[in-house]
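S.K.: How does the following fold in three dimensions:
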Amino acid sequence: MDAPEPRLADVEYAEIQCKSALNRVKGMFFEWSLNPYTGCEHRCAFCYVRAFELRADRPSDDRYGRTVRVKVNVAGVLRAELSRKSWRKQTVVIGAATDPYQPAEGRYKLTRQCLQALRDFANPAAMITRGPMIVRDLDVLTELARRAELHITFSIPTIDDDIWRRTEPGTAHPKQRLRAIEKLVSAGIDVGVGMAPILPGLSDRPDRVEAVVKAARAAGATGLWAGMLHLKDGTREHFMSVLATHWPELVPRYEAAYRARAYLPPAYGESTMKTVARLRTVHGVEDRRRVILKPPPEPEQLSLLN
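M.R.: Below is the predicted model of the structure:
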């Protein structure tokens, strides 16, 4: 097998001014999203946002994540929007399109500033991330959680080293995410695990599924949900190239499973989801799907998430 893509890569930060911070989302299980960044350094091979990037005429291949647009004024715009008389303190979902704790956050601290604004207005929030950098903001998160409902989801599709390295090249090791969960839960914050996407023929082995469930339980996660891989145009091409490089023997299986469709037919993933349900029961982990934990948006809806 070829060597995995290096975790650290040259990234260009493009500082931009945004006109709005809160984005209304239609046809989803939440109404408002917030993304301090557009583009993600994590460069996950299976990222569904690649499909939107293709539709927006931006790179969805291995160039994706090499440019990150930084909304330098986002926190100020957010405060102005939260202060409007028409605002009804609805839940704001952070990170639906780009990870709020990708490496750029270490430099710009925009996610922290947005959390401070949500705290000051006692506004409910939810967040999904792969970034253990979140523990830096434990002080703001605990204050927000005391004033409003807050739920964090850590995305941990697998804890297998080989699969992680080759499919999530820009992310922190899953064990670092688990340690972050422990710290957040110890501080009284509601934190769950999203085991998605599960990759057919790779991370769907029962022992690998159980490893994630057991690790989530040991870290104190308040719940766990799971979902199978889906491949839309833009994501499909890049993921299949990664598959051909590292697991060429699986290419025919994927071509058959995803031929002319984006979502895996139930017959292919049903047994895996039954395994997840059984293991949740065995290890005492709830299936607690919160507002952010529903299936990812369609590409046309993602335009509202940026």
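
S.K.: Okay, strands next: where are they in the protein?
M.R.: 12-16, 23-24, 32-34, 37-38, 67-71, 92-94, 125-129, 150-155, 190-198, 224-228 (DSSP state E).

S.K.: neighbouring contacts of the fourth one?
M.R.: Spelled out, that is strand 37-38. Here strand 37-38 makes contact (Cβ atoms under 8 Å, 6 or more residues apart in numbering) with 68-71, 97-100, 102, 104-105, 110, 306. Using the backbone N, CA and C atoms, a C-beta is placed for each residue, glycine as well.

S.K.: Farthest-apart pair in the residues you listed, please.
M.R.: The span of the contacts of strand 37-38, defined through Cβ to Cβ, is set by 105 and 306 at 16.8 Å.

S.K.: Looking at these two, which one has more neighbours?
M.R.: Neighbours of residue 105 and residue 306, each counted by other Cβ atoms under 10 Å, are more numerous for residue 105; the result is 23 against 20.

S.K.: contacting residues for the nearest residue to that one once chain neighbours are set aside?
M.R.: Excluding the flanking residues, the one nearest residue 105 by Cβ to Cβ, 6 or more residues apart in numbering is residue 111, at 5.1 Å. Taking Cβ under 8 Å, 6+ apart, we find residue 111 in contact with 36, 94, 100, 101, 105, 137.

S.K.: so where's the stretch 51-200 of the chain shaky on pLDDT?
M.R.: Scanning the stretch 51-200 of the chain for pLDDT under 70 picks out the ranges 52-54, 60-61.

S.K.: list the buried ones in stretch 160-175?
M.R.: Buried residues in stretch 160-175, counted by 16 or more other Cβ atoms under 10 Å: 160, 163, 164, 165, 166, 167, 168, 169, 170, 171, 172, 174.

S.K.: Of those residues, which belong to helices?
M.R.: Judged by DSSP state H, those include 163, 164, 165, 166, 167, 174 as members of helices.

S.K.: Reformat those residues as TSV; add distance to residue 238.
M.R.: Formatted as TSV, those follow (distance: Cβ to Cβ, whole Å):
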residue	distance to residue 238
163	16
164	17
165	16
166	13
167	11
174	21
